[in-house]
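Undergrad: The sequence and its predicted three-dimensional model are supplied below.
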Amino acid sequence: MADVRDKPGPGPGSGPDTGSGSGFAPARRSRLARLLDGLRAYRLIAWMWIRSTMAYRASFAMTLFGNFAGTVLDFVAILLMFSRVDELGGYSFGEVAFLYGLSSAAFGLADLTLGSMDRLGQRVRDGTLDTLLVRPAPVLAQVAADRFALRRLGRITQGLLVLGYALAVVDIEWTPLKVLLMPVMVVSGAAIFGAVFVAGGAFQFVAQDAAQVQSAFTYGGTTLLQYPPTVFAKDLVRGVTFVLPLAFVNWLPALYVLGLPYPLDLPEWVAFLSPLVAVVCCGLAGLAWRTGLRSYRSTGS
């Protein structure tokens, strides 16, 4: 008798509600279905951590304020600089605040949603990643939502407040394109930073102890973008434009909004490439993640 699995038609596990981690899942499941599975798993895990956090509301309020105050100190450093100078690299205080606010808001969104990726190295070393592999949910969603921390809203709030101040004091000649570019910058910048988080997590499959290396490109990257490109060497600016395209988070689109010259004499239309760059970065990060996950062989213990 022929095996029933050789017959055409739907079989076990072919329904739409099958978990993506199940062995009965169809081999050719659509990418959209896998994406929806990941978003659902992320939402459920994040909500679990939110409920856990809100059980101790006084503690949450204190940690949120601490996160907000810690990020304020970054901006205080800029305030101290401008207490001695009128311009920094040819940029006024309001223009630097504009760069700072955009960078902080975009990075804050990425840190809120994917900031737990830096714990992946610890999971790889102690073998606890194995517990995520046997669950019927995408591993990336589980790692990203692990210990979801609402306290990171403090960075986003602080960045948006600084951005609002900059918009109030900087004289910008607004056009419909510039108005449209503002939310696009924040969302695209968050996606680019998110891709860096995921790529850094994928690298930890190999390095196993690379959290500090990852932080150099994430937290270090947002600190870099808070200052004008004119204060850095041109080789560094080229590197964050053509190699690791962090310049598309705020430098290039922000200079278009401010009406300032680009640091590398680039054409004006590159200001509108941030969404495309974000898509490419996310695609490459996804490929790196799949490659790293497939290479994972547990601890062997």
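TA: Good, I have the coordinates. All values derive from a computational prediction rather than experimental measurement.
Undergrad: Tell me, how many residues neighbour residue 84?
TA: Neighbour count for residue 84, taken as other CB atoms under 10 Å: 6. From N, CA and C alone the C-beta is placed, and that goes for glycine too.
Undergrad: And it, how close does it get to residue 274?
TA: 33 Å (CB to CB, to the nearest Å).
Undergrad: Then residue 239?
TA: 18 Å.
Undergrad: which of the two has more neighbours?
TA: A count of neighbours by other CB under 10 Å puts residue 274 above the other of residue 239 and residue 274, at 26 against 15.
Undergrad: Skipping adjacent residues, who's closest to that one in space?
TA: The shortest distance from residue 274 to any non-neighbouring residue, by CB to CB, 6 or more residues apart in numbering, is to residue 188 (3.8 Å).
Undergrad: buried set for whichever strand or helix holds the one you found?
TA: Secondary structure from DSSP states H and E places residue 188 in helix 176-207. Within helix 176-207, the residues scored as buried using 16 or more other CB atoms under 10 Å are 178, 181, 185-186, 188-205.
Undergrad: packing partners for that helix?
TA: On a contact count with 3 or more CB pairs under 8 Å, 6 or more residues apart in numbering; DSSP states H and E, helix 176-207 meets helix 93-114, helix 120-126, helix 211-225, helix 251-258, helix 274-295.
Undergrad: so how far is that helix from its chain's centroid?
TA: 5 Å (CA atoms, centre = their mean, to the nearest Å).
Undergrad: Tell me how many other residues crowd residue 161.
TA: 16.
Undergrad: Give me the phi and psi for residue 148.
TA: Taking degrees, to the nearest 10, you get phi -50, psi 130 for the backbone angles of residue 148.
Undergrad: which residues are contacting the lowest-mean-pLDDT helix or strand in the chain?
TA: In the chain, no helix or strand scores lower on mean pLDDT, DSSP states H and E than helix 120-126, which sits at a mean of 84. Residues outside helix 120-126 that contact it (CB atoms under 8 Å, 6 or more residues apart in numbering): 128-129, 132, 143, 201, 204-205, 207-211, 296, 299.
Undergrad: please redo it, this time with the cut-off set to 6 Å
TA: By CB atoms under 6 Å, 6 or more residues apart in numbering, the residues outside helix 120-126 that reach it are 129, 143, 201, 204, 208-211.
Undergrad: Most neighbours of all those, which one?
TA: Counting neighbours by other CB under 10 Å, residue 201 leads the contacts of helix 120-126 with 29 neighbours.
Undergrad: Report the contact partners of that one.
TA: Counting by CB under 6 Å, 6+ apart, residue 201 has contacts 117, 120.
Undergrad: let's go with 10 Å and repeat that
TA: 114, 116-121, 123-124, 140, 143-144, 210-211, 214, 285, 288-289, 292-293 (CB atoms under 10 Å, 6 or more residues apart in numbering).
Undergrad: Now which of those residues would you call buried?
TA: Applying 16+ other CB under 10 Å to the contacts of residue 201 flags 114, 116-121, 123-124, 140, 143-144, 210-211, 214, 285, 288-289, 292-293 as buried.
Undergrad: quick revisit: what is the subsequent helix or strand relative to the least confident helix or strand of the chain?
TA: Using DSSP H and E, the helix or strand that follows helix 120-126 in sequence is helix 129-133.
Undergrad: For that following helix, give the mean pLDDT please.
TA: Averaging pLDDT along helix 129-133 gives 88.
Undergrad: Next: stretch 220-231.
TA: 92.
Undergrad: for the residue nearest to residue 214 when sequence neighbours are not counted, what are its contacts?
TA: Residue nearest to residue 214 in three dimensions, not counting chain neighbours: residue 200, with 3.2 Å by CB to CB, 6+ apart. Residues in contact with residue 200 (CB under 10 Å, 6+ apart) are 114, 117-118, 120-121, 207, 210-211, 213-218, 285, 288.
Undergrad: how close does residue 200 get to residue 92?
TA: Taking CB to CB as the measure, residue 200 falls 34 Å from residue 92.
Undergrad: so what's residue 130 closest to, chain neighbours aside?
TA: residue 298 (5.6 Å).
Undergrad: swap in residue 293?
TA: Spatially, and ignoring its direct neighbours in sequence, residue 293 is nearest to residue 139 (6.2 Å; CB to CB, 6+ apart).
Undergrad: Tell me if I'm right that the one you found and residue 202 touch.
TA: No - between residue 139 and residue 202 there is no contact under CB atoms under 10 Å: 11.2 Å.
Undergrad: can you list residues touching both of the two?
TA: Common neighbours of residue 139 and residue 202, counting by CB under 10 Å, 6+ apart, are 120, 289, 293.
Undergrad: which residues does the second one contact?
TA: For residue 289, the set of contacting residues under the criterion of CB under 10 Å, 6+ apart consists of 117, 139-140, 143, 195, 198-199, 201-203, 205.
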